[in-house]
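> this is the structure alone, sequence omitted:
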């Protein structure tokens, strides 16, 4: 029994939705951390590194399946999420790496900058989640 590409694409869409929602719900409580030591920064960085890796895989799988199913708009949307994930990983992870030693050195601007970066990641993740939810009406 072979599943049609549309069914597999729906599976990947649900997986992308689950990954995005899971990491969004997991990242918000991390704002409780004071971000004032390298362990906090390292944990949050590894959290986002894992999220970006899994989100990229599921977004690419979603895009490929929708392309095979002939659903160009949905394939482009999933490709956009994959591209955004790559860009965010390339931008945010090095910034987190740069801020971690500054936090350890007690530089006054490092903790607020790291918290702002964390909040920005959450806001963008929320936008991705809303985009995925919105796409469900097009399936």
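Thanks, I have it. What you see is a predicted model; the values in this text were computed from it and never measured.

> would you tell me what the next helix or strand after the longest helix along the chain is?
With DSSP state H setting the assignment, residue counts place helix 72-104 as the longest helix in the chain. Next in sequence after helix 72-104, counting helices and strands by DSSP states H and E, comes helix 110-135.

> which intervals of the chain have sub-threshold pLDDT?
By pLDDT under 70, the low-scoring segments of the chain are 1.

> coming back round to it: quick one, the longest helix of the chain and helix 110-135 angle?
Angle of helix 72-104 versus helix 110-135, following axes from the mean of the first three to the mean of the last three CA atoms, to 10 degrees, is 170 degrees.

> and helix 72-104, how far out from the chain's middle?
Taking CA atoms, centre = their mean, to the nearest Å, one finds the center of helix 72-104 at 7 Å from the center of the full chain.

> counting contacts, what elements does it pack onto?
In this structure, helix 72-104 packs against helix 5-27, helix 38-68, helix 110-135, with contacts taken as 3 or more CB pairs under 8 Å, 6 or more residues apart in numbering; DSSP states H and E. From N, CA and C alone the C-beta is placed, and that goes for glycine too.

> look up phi and psi at residue 69.
For residue 69, the backbone dihedrals (degrees, to the nearest 10) come out as phi -80, psi 0.

> tell me which of the helices and strands packed on helix 72-104 is the most buried.
helix 38-68 (a mean of 19; mean count of other CB atoms under 10 Å).

> that helix packs against which elements?
When contacts are defined as 3+ CB pairs under 8 Å, 6+ apart, helix 38-68 packs onto helix 5-27, helix 72-104, helix 110-135.
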